[in-house]
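S.K.: 3D model of this:
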Amino acid sequence: MIELFGAGFDDRDPSWKRQRSKTTACALALIISGKLVYRIDGVTYQLSKGDLLLIPEGRMREAFHSDQDHHQKYWATFVMDEAGAGMLPMLNQQVPIVVKTGQYEYMKQRFAQLIQQWMGKLPYYEPICAATLTDMLGRMNRELDAKQYPSPMLKMIATIQEYVLTHYREDIRVDQLAMLVSRSPNYISTLYRRLTGGSLKEYIHQVKVSAARDLLYHHQVTIGQAAEYVGFCDQAYFNRVFKKVYGFPPSILLKERNHALKPKGDR
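M.R.: Predicted structure coming up:
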């Protein structure tokens, strides 16, 4: 069983720094932008966008920005009991682990959900948070295990993901991605699931709705405009996909945005 101690988002804070101290819990972080340095038990780790960092409990660590582009990252601190750690081998290691995740959009979305639940503290938020964090740790461990596969396979998956990230506004089909790497649709679908644990269609949807979510929250656009921007012709279908990925419909996000934009006296 996992117990979450805290979760949050560091958003380009110029004064951000972690003084040298011993960690009292495990920590998981996903770097969203910028660069930073962690020094853990005397070893230096240079981190940038897409890096997942797992720090075991009881490590001496300090951290700071490495340039003027102050970083953004999601983080969570937790402890896992022996039974849970037994199912995730990486939690039994006593050294930090860094993985350049191939599931960046998925991990980003899951972290956003984790923090939303942790901050909201609605009924049953604790088991929901535990399940969400366990999912992320399991997928990270799976990516570590995937290093046993030949590098051409990993390169193929990276090529596919890069294409999706670049062309997410278009109608992307699995047969297109298969042609991109000169393989059959069935081959790349099977390989992708084996190496990432998810389907190609799920990954495409995650990238699209993640971009739509950022657009809806930070800009004055309608749901229909956001759906069209990321390549959905049918808004009803977009709504279903969005809810499947985030657990709530885009209309809820729109209400949060409008509430945040209201002058304090009007709330």
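S.K.: For residue 76, name its beta-bridge partners.
M.R.: residue 7, residue 28 (DSSP bridges).
S.K.: Burial check on it, number of neighbours?
M.R.: By other Cβ atoms under 10 Å, 25 other residues sit near residue 76. Glycine gets a C-beta too; all of them are placed from N, C-alpha and C.
S.K.: Can you list the low-confidence ranges for the stretch 1-150 of the chain?
M.R.: 84-85, 148-149 (pLDDT under 70).
S.K.: Compute the first-to-last residue distance for stretch 46-59.
M.R.: Length of stretch 46-59, first residue to last, Cα to Cα, to the nearest Å: 17 Å.
S.K.: Use 92 as the first number for this chain going forward.
M.R.: Let's use 92 as the start, then, which means that last one is stretch 137-150.
S.K.: Give me the contact list for it.
M.R.: 113-129, 131-132, 136, 152, 157, 162, 170, 181-182, 184-192, 195, 198, 228, 231 (Cβ atoms under 8 Å, 6 or more residues apart in numbering).
S.K.: Check stretch 114-124 too.
M.R.: 96, 103, 138-152, 160, 162-171, 182, 192, 195, 198-199, 202, 224, 227-228, 231.
S.K.: Let's verify residue 214: helix, strand, or coil?
M.R.: At residue 214 the chain is in coil, as set by DSSP: H, G, I helix; E, B strand; the rest coil.
S.K.: The nearest residue to residue 237 once chain neighbours are set aside is in what secondary structure piece?
M.R.: Closest residue to residue 237 apart from its sequence neighbours, by Cβ to Cβ, 6 or more residues apart in numbering: residue 286 at 4.8 Å. Per DSSP states H and E, residue 286 falls inside helix 276-287.
S.K.: can you give me the mean pLDDT across that helix?
M.R.: What helix 276-287 shows for mean pLDDT is 91.
S.K.: Any buried residues in it, and which?
M.R.: For helix 276-287, a neighbour-count test (16 or more other Cβ atoms under 10 Å) marks 279, 280, 282, 283, 286, 287 as buried.
S.K.: Equivalent analysis for stretch 331-339, please.
M.R.: For stretch 331-339, by 16+ other Cβ under 10 Å, it's 332, 333, 336, 337.
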